[in-house]
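Q: sharing a model that was predicted from the sequence below.
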Amino acid sequence: MLTIDVQGQTLIFKGELNRHTVPAVQPCKALNGLQGTIEFRLGQLNHVDTAGLAWLLHQVALSRQQQIEIRLTETPAQLCSLAKVSDVLSLLPIES
């Protein structure tokens, strides 16, 4: 299960971002009406797979087209490892 709580310009992800949950959040309606810089707080994700990684990359690309900047914070080590192995770590706007 995945939940996305919206608190101002911050989207707090909880649960799993994977092939089972991604279809339910495509498109990402939580971004509707937001502008500027948006924080994706990922620290409460307990599982991310390649579908979740692809979804994040897609959200970053779409947001740039809409002149929205996404920042990934509290990024799980599992996601960073998966992105590194997939050679896409540099495409993720990760902030420490």
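A: Yep, it's here.

Q: what's the single longest strand in this structure?
A: Using DSSP state E to define each element, the chain has its longest strand at strand 37-48.

Q: summarise which helices and strands that strand is packed against.
A: Using 3 or more CB pairs under 8 Å, 6 or more residues apart in numbering; DSSP states H and E, the elements in contact with strand 37-48 are strand 10-17, helix 50-65, strand 69-73, helix 77-85. Yep, even glycine has a C-beta here, placed from its N, CA and C like the rest.

Q: please name the nearest non-neighbouring residue to Q44.
A: Distances taken as CB to CB, 6 or more residues apart in numbering place K14 nearest to Q44, at 4.2 Å, with adjacent residues excluded.

Q: if I look at that neighbour, how far off is N32?
A: To N32, K14 is 20 Å away according to CB to CB, to the nearest Å.

Q: centroid-nearest residue for the protein?
A: L56 (4.2 Å; CA atoms, centre = their mean).

Q: point out where this protein drops to low pLDDT.
A: For the chain, no stretch is flagged by pLDDT under 70.

Q: one more pass at 80, please.
A: 96 (pLDDT under 80).

Q: residue farthest from the centroid of it?
A: V85 (17.7 Å).

Q: let me see the contact set for that one.
A: Listed by CB atoms under 8 Å, 6 or more residues apart in numbering, V85 has no contact partners.

Q: any figure for the gap between it and L72?
A: 17 Å.

Q: and for N32?
A: 19 Å.

Q: what does F13 give?
A: With CB to CB as the criterion, F13 and L72 are 10 Å apart.

Q: looking at those two, which is more packed in?
A: F13 (25 against 21; other CB atoms under 10 Å).

Q: show me what the more buried one is bridged to.
A: I4 (DSSP bridges).

Q: surely it touches V48?
A: No - between F13 and V48 there is no contact, the gap being 9.3 Å when judged by CB atoms under 8 Å.

Q: which residues are common contacts for these two?
A: What both F13 and V48 touch, as defined by CB under 8 Å, 6+ apart, is the set L42.

Q: ok so, going back, pick out whichever of K14 and N32 has more residues nearby.
A: K14 (16 against 8).
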